[in-house]
Each structure stands twice: as structure tokens, then as C-alpha cells.
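[1] attaching a predicted model along with its sequence, questions to come.
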Amino acid sequence: MSPWIGAAFLLSLALPALAAEAPCRRSFHYVDSPPLGNGDRDQDHAYDDAWLHAILKESGCELAVERRRISAQRMHDLLERGEVDVLAQASYLPERARYAYFSEAYRNERVWLYVRRKAKEDLLGLSLTDIAARKLTLLVPSAGWFGPEFAALRPQLARMGLLVEYRDSAQAAGQFDGGRADLILASDNFGFQFEAQMPNVLRQERPIYENPVHLMLSRQSTTPEDVARLNRAIQRLRARGYEPR
């Protein structure tokens, strides 16, 4: 075979892939906002911020970042109106699909219970239902989705006075060291900080909930083609074993 024919054949195989990933000609508006009252954003939220930046960079699109502090509900209102294009660290809920597209999951978030090491024989392995039955006090984040079991039990635990809310890992560490609660409920992001800050805590062996984490994109300002591009970027990053540092 002529080398020219062979080169043309290889080029013809590559062309569909090249055509499928045409240059990105848009930027995505993102509001980078820590939860209200949270003073350690870099500790608790940099992980998903890093994922978002990596996904957009891999996709070839720009991320237009606006930094201001607004509530989670306000953020979703802006996304619904198309004034914000993308959010990170999103759980899929049917009611959100009315106004947002969801990317493929870029990671799985797990929700854990933590106990004091000295109390591990008594408390390790308890379920949320056990906590309510034994009237144990639970430290919980002030916002977020932590699975259907906790969502169903939260009103009951609140009525019983068994919930103590925390804004960030530093506040939770102070409250736990001060004896405000018997256990801590935390997702991976907060849990990493607990393990570093509080050597006296022990994580249960199994998470109480596992949740795929997505990007949300506004149906008003983005398209299914945008979602497909970001999905391909997520697939490439996960195939390479990307992990924020």
C-alpha cells in the first residue's frame, strides 16, 4: 500500500472524532458562592470547584466565574432563569429536571456517621433510626441533601431536639469537642476535614447513603449539545483517573 494511501486512511478514521469535538465557542457563567455564614470555603468546597474547572477546561469551553455570596435557593432561581449557566455538586431530583439538565456523574458522594473513638463500642454501626430510638444528638450540616432516609427522619429528630446544625467543619469540630452531640453526619467533603482536624473521631465502616454528583445546566441558557460536550469531558477525566489535589 502506498504510504500516501495509508496516511489518508488513518486521517479518515480520525476525522469523525475531530468533527465530534469542534472548538467550543461559548463560556459558562458560574457564581462561586460559599454557603451563607461559611468562613472556610477553601476547605469545604474547593473539591467540587476543582472538578468544575477541570471539566470545563477539558471540554475546551471557558468558565466565567462571578464571586458573590448568595443562598442556595437564590442560586437555583438564577439557574432557572438562565442568569447562571452551570452549578456543581448537584444531586438529581425530578423537580430540578424541570429547569435544568444534568450531566453524567463526575463523582460519587458518600454520607457518613462519625462517633468518638471512646464511644465506638456503643455507637459504631448505628442507623439513623437507631439514633432516633435512642434519642442521641446528631450534628448535621445546615444545608444539603443527605439521602431519603435522613430527609424523612429530619423533622422527627428536630421535634425531639436531637439536631445541632453546623455551617462548616471548623464549627462542627468545636461543637463536637464541646460535647454538643453524640454523632456527626457528614458528606465526604466535610468528612475529609474531620479526619484531619479531630483524631478523636471514628468513621463508620459503611456510608448511610451514596449519591452520584452531577453538574446542573440551565435549560434556559444551555443546550443538550452543551451537556453532551461536558459529558465527554467527564468521561475522559474519569478514564484518566483525575482527582483534585
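    Received the coordinates, thanks.
[2] please name the nearest non-neighbouring residue to R245.
    A50 (7.8 Å; CB to CB, 6 or more residues apart in numbering). Bear in mind the C-beta positions are built from the backbone N, C-alpha and C, glycine included.
[3] what segments of this structure are strands?
    27-32, 62-67, 86-90, 100-102, 107-116, 138-141, 163-166, 183-187, 201-203, 209-218 (DSSP state E).
[4] how about JSON lines for those strands, with mean pLDDT added?
    JSON lines is the format used below for the strands of the chain (pLDDT from 0 to 100):
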{"stretch": "strand 27-32", "mean pLDDT": "93"}
{"stretch": "strand 62-67", "mean pLDDT": "93"}
{"stretch": "strand 86-90", "mean pLDDT": "93"}
{"stretch": "strand 100-102", "mean pLDDT": "98"}
{"stretch": "strand 107-116", "mean pLDDT": "90"}
{"stretch": "strand 138-141", "mean pLDDT": "92"}
{"stretch": "strand 163-166", "mean pLDDT": "92"}
{"stretch": "strand 183-187", "mean pLDDT": "89"}
{"stretch": "strand 201-203", "mean pLDDT": "85"}
{"stretch": "strand 209-218", "mean pLDDT": "94"}
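[5] what's the neighbour count on the residue nearest to R245?
    15 (other CB atoms under 10 Å).
[6] coming back round to it: which of the strands of the chain sits most buried?
    strand 183-187 (a mean of 25; mean count of other CB atoms under 10 Å).
[7] hang on, the earlier thing: of all the strands of the chain, which one is nearest L79?
    Closest approach to L79 among the strands of the chain is made by strand 209-218 (4.8 Å; CB to CB).
[8] give me the angle between the closest one and strand 86-90.
    170 degrees (axes from the mean of the first three to the mean of the last three CA atoms, to 10 degrees).
[9] which other helices and strands contact strand 209-218?
    Counting contacts by 3 or more CB pairs under 8 Å, 6 or more residues apart in numbering; DSSP states H and E, strand 209-218 is packed against helix 41-59, helix 72-81, strand 86-90, strand 100-102, strand 107-116, helix 224-239.
[10] out of those, which is closest to G179?
    Using CB to CB, the helices and strands packed on strand 209-218 put strand 107-116 closest to G179, at 9.7 Å.
[11] the closest one pairs with which strands?
    strand 183-187 (antiparallel), strand 201-203 (antiparallel), strand 209-218 (antiparallel) (DSSP bridges).
[12] any idea how far the first one is from the chain center?
    What that stands for is strand 183-187. 15 Å (CA atoms, centre = their mean, to the nearest Å).
[13] so who does the spatially closest residue to N211 that is not a sequence neighbour touch?
    Ranked by CB to CB, 6+ apart and with sequence neighbours excluded, the top spatial neighbour of N211 is E109, at 5.0 Å. Residues in contact with E109, defined by CB atoms under 8 Å, 6 or more residues apart in numbering, are Q89, S187, D188, N189, E210, N211, P212, V213.
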